[in-house]
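**Q** fold the following, please.
(4 chains)
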Protein chains: 2
Amino acid sequence: MNEVENAIEVLKTNGYKFTDKREHILSYFNQENRYITAKEVQQFLKVKYPNISYDTIYRNLYTFVELDIVEETELNGEKLFRLNCSHSGHHHHFICTACGKTKKIEMCPMNFFEGQLNGCQINSHRFEIFGTCEQCALPVK
Amino acid sequence: MNEVENAIEVLKTNGYKFTDKREHILSYFNQENRYITAKEVQQFLKVKYPNISYDTIYRNLYTFVELDIVEETELNGEKLFRLNCSHSGHHHHFICTACGKTKKIEMCPMNFFEGQLNGCQINSHRFEIFGTCEQCALPVK
DNA sequence: CTTTAAAACGGATTCGTTTCGATTTACATT
DNA sequence: AATGTAAATCGAAACGAATCCGTTTTAAAG
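**A** Numbers count the residues shown, from 1 in each chain, chains lettered A, B, ... in the order given. Predicted coordinates for the structure are as follows:
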C-alpha cells in the first residue's frame, strides 16, 4: 500500500469521505517530496478543477495535519506542508531554502535538556536547519 | 551602560540617526522581557505619538534586527520580536505561548549532527520550545 | 432510490505586513 | 545660528495569505 492509499485509509477510518480532490492533493504531496505552500497546492489542483476554492485547500490541509497525514511548518510568514514521514520515528528536518527539499535529521535534541525547564509545561517544539542542499549549493568554490 | 543606551550606540556607530521614536521602541523592548508583536509596539508608541505609522515600526524593527539589537521569530504567521540576548553567548529559547516570556536554553543542539549533512550548506537554524511557564501553567492538577 | 451530513463553491473579509510619494527631522557643515 | 541633505516619518493605499459563510453539490449509508 502506497502513501496515498494509506492516507485515504486513515481518512476513511476516521469518518472522512473519499473525494477526488483529496486524492489529488495527496498524490501531489506524494510526487513532491518537499514542503509546499497552499498556493502551490491550489495551482496544481486548478488544472483539473479550475474553480477550486482556497477554502477547500486549507480545510483539507488542516484535516490532513490533524490526522497526522501531513506536517506543517512556516517560513517567512507562510505556511508550508509536506507528507508526514514521522511514521519512521520522531525526527526533524534540514530544509533547503532553494528547492524546498528536506532531509531527515536523525536526532531529536529535546532529550538533552528537559531538566532545564522545571515547572514549565512543554507543548511542542520546533527544530529546523536551513541551508542549501547538494544540488542547490552554489558552486562558488 | 544599559541595554537601551548600548543599542543607541550601535545605531550611531552604524550611521543611523538618534530619534525619540527609536529610543521609545527600545525602552519598550527593554521593559518587556519577552517576544512582542509589531502591533504591541505600535500601540505602545501610539500613546506618545498618536500618528505613528506602521512603516516606522516595521522599518525600525528590521533595522534593529539587521544590527543584531533585536531578534525575530514567528508564530502562527505573525512576527515576534525581542531584545537580542545573544551577547551572553549563542543559545535558544523556551517561549511561553500564554505570556510570551522566554527562558534561555543553555545548549545549542547544532553541534550534535553537523556530520549528518555532508554536502549541504547550513545557513541558519531554528530551535524553539513552546509551552506554558510556571506562572501561566494552568493549575489543573 | 432516498436521505443527510460532509465537502465544496465562490466570493467577500480579515489581518498582518509592505510599499510609496510627500513631508519632516537629525545633525554635519558652513 | 543658518543651511543642506540624507535619513526618518507620515498617511494611506495595496498586497497576500488565511479565514469565513451562506449556498450548492456530493459521497456513501440506509
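**Q** show me which residues of stretch A:40-47 are buried.
**A** A:40-42, A:44-45 (16 or more other CB atoms under 10 Å in any protein chain shown). The way it works is simple: take the backbone N, C-alpha and C, and place the C-beta from them, glycine included.
**Q** so which of those also contact chain B?
**A** Applying CB under 8 Å from any CB of the partner chain, the subset of these adjacent to chain B is empty.
**Q** what does chain A put close to DNA strand C?
**A** Selection of chain A residues close to DNA strand C by CB under 7 Å from any atom of the strand yields A:15-17, A:19, A:21-22, A:49, A:51-56, A:59-60, A:63, A:77.
**Q** just these that are near chain B?
**A** Answer for the residues of chain A next to DNA strand C near chain B (CB under 8 Å from any CB): A:Gly77.
**Q** buried subset of the residues of chain A next to DNA strand C, written for ChimeraX?
**A** A single ChimeraX command selects the buried members of these (16+ other CB under 10 Å):
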select /A:16,22,52,56,60,63
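**Q** how about the residue nearest the centre of chain A: what's its closest non-neighbour residue?
**A** Geometric centre of chain A, nearest residue: A:Arg82, 2.1 Å, by CA atoms, centre = their mean. Distances taken as CB to CB, 6 or more residues apart in numbering or on different chains put A:Tyr35 closest to A:Arg82, at 4.7 Å, once the chain neighbours are dropped.
**Q** check A:His90 too.
**A** A:Cys108 (5.6 Å).
**Q** and A:Val10, by the same measure?
**A** Using CB to CB, 6+ apart, the closest residue to A:Val10 is A:Leu67 (5.4 Å).
**Q** thought that neighbour was touching A:Asn14?
**A** Yes. Between A:Leu67 and A:Asn14 there is a contact under CB atoms under 8 Å: 6.0 Å.
**Q** ok, these two, which is more surrounded?
**A** Taking A:Leu67 and A:Asn14 together and counting by other CB atoms under 10 Å in any protein chain shown, A:Leu67 has the greater number of neighbours (15 against 11).
**Q** which residues touch that one?
**A** Residues counted as contacts of A:Leu67 (CB atoms under 8 Å, 6 or more residues apart in numbering or on different chains) are A:7, A:10-11, A:14, A:16.
**Q** about what we covered before: now the residue nearest to A:Val10: how far from B:Phe81?
**A** 34 Å (CB to CB, to the nearest Å).
**Q** with A:Glu106 instead?
**A** Taking CB to CB, one finds A:Glu106 at 33 Å from B:Phe81.
**Q** likewise for A:Glu72?
**A** 23 Å.
**Q** please enumerate the strands of chain A.
**A** A:36-37, A:70-75, A:78-83, A:92-96, A:102-105, A:121-132 (DSSP state E).
**Q** export the ones you listed to a markdown table and append columns for distance to B:Glu114.
**A** A markdown table is the format used below for the strands of chain A (distance: least, CB to CB, whole Å):
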| stretch | distance to B:Glu114 |
| --- | --- |
| strand A:36-37 | 27 |
| strand A:70-75 | 21 |
| strand A:78-83 | 23 |
| strand A:92-96 | 10 |
| strand A:102-105 | 10 |
| strand A:121-132 | 9 |
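**Q** now those in a markdown table, with distance to DNA strand D and mean pLDDT?
**A** Below are the strands of chain A laid out as a markdown table (distance: least, CB to the nearest atom of the strand, whole Å; pLDDT from 0 to 100):
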| stretch | distance to DNA strand D | mean pLDDT |
| --- | --- | --- |
| strand A:36-37 | 6 | 95 |
| strand A:70-75 | 7 | 92 |
| strand A:78-83 | 3 | 94 |
| strand A:92-96 | 16 | 91 |
| strand A:102-105 | 18 | 89 |
| strand A:121-132 | 16 | 91 |
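**Q** let me know which of these is tucked in deepest.
**A** strand A:92-96 (a mean of 23; mean count of other CB atoms under 10 Å in any protein chain shown).
**Q** on contacts alone, who are the packing partners of that one?
**A** strand A:102-105, strand A:121-132 (3 or more CB pairs under 8 Å, 6 or more residues apart in numbering or on different chains; DSSP states H and E).
**Q** could you give the number of residues near A:Tyr58?
**A** Neighbour tally, A:Tyr58, other CB under 10 Å: 14.
**Q** whoops, I mixed them up, A:Glu106
**A** Residues near A:Glu106, counting by other CB under 10 Å: 10.
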